[in-house]
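Q: pasting the sequence and the predicted model now:
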Amino acid sequence: QVQLVESGGGLVQAGDSLRLSCAASERTFSSYAMGWFRQAPGKEREFVAAISWNGDFTYYADSVKGRFTISRDNAKNTMYLQMDSLKPEDTAVYYCAADSSVLTLRIGVHGVSYWGRGTQVTVSS
């Protein structure tokens, strides 16, 4: 059982940057693909970014491509999401996710094995 804890959310202004972190309890963290999803009020949870177990492959939603960067440090059992040039439409609860397959994360919400509880990101205009 992998436990995931997100941190780093907060209230920022449009154009600002924020870095989210996801700490994993599992010593086999490096064997999992990891991803970020978000859910805005009244909307379904959506894919944001994913990274393969060794960091060689990354995937992004079109809405964040060029602004967000996903990375991981397997020695620290931690994944990151660097968010630059934030927009009000980025406002959402951001969730960390883990799965044995990066393609499962890339496809979407259904079938993902592990979830964190989320961290709120609010971007004011």
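A: Everything's here; your move.

Q: drop to CA atoms for contacts and neighbour counts, all remaining ones
A: Will do.

Q: check contacts around Pro41.
A: Contact analysis of Pro41 by Cα atoms under 8 Å, 6 or more residues apart in numbering lists Ala92.

Q: can you check the pLDDT for it?
A: pLDDT for Pro41: 93.

Q: surely it forms part of a strand?
A: No - counting by DSSP: H, G, I helix; E, B strand; the rest coil, Pro41 is not found in a strand; it is coil.

Q: distance check, it against Gln1.
A: 29 Å (Cα to Cα, to the nearest Å).

Q: now swap in Ile70 and tell me
A: With Cα to Cα as the criterion, Ile70 and Gln1 are 23 Å apart.

Q: so for these two, which residue has more residues nearby?
A: Taking neighbours as other Cα atoms under 10 Å, Ile70 and Gln1 compare with Ile70 leading, 23 against 7.

Q: the more buried one touches Leu81, doesn't it?
A: Yes - if you go by Cα atoms under 8 Å, Ile70 and Leu81 touch, sitting 4.6 Å apart.

Q: can you list the low-confidence ranges for this structure?
A: Residues of the chain meeting the criterion pLDDT under 70: none.

Q: nearest the geometric middle of it, what residue?
A: Residue closest to the average C-alpha location in the chain (Cα atoms, centre = their mean): Trp36, at 2.1 Å.

Q: would you agree it is in contact with Asp99?
A: No - judged on Cα under 8 Å, Trp36 makes no contact with Asp99 at a distance of 11.5 Å.
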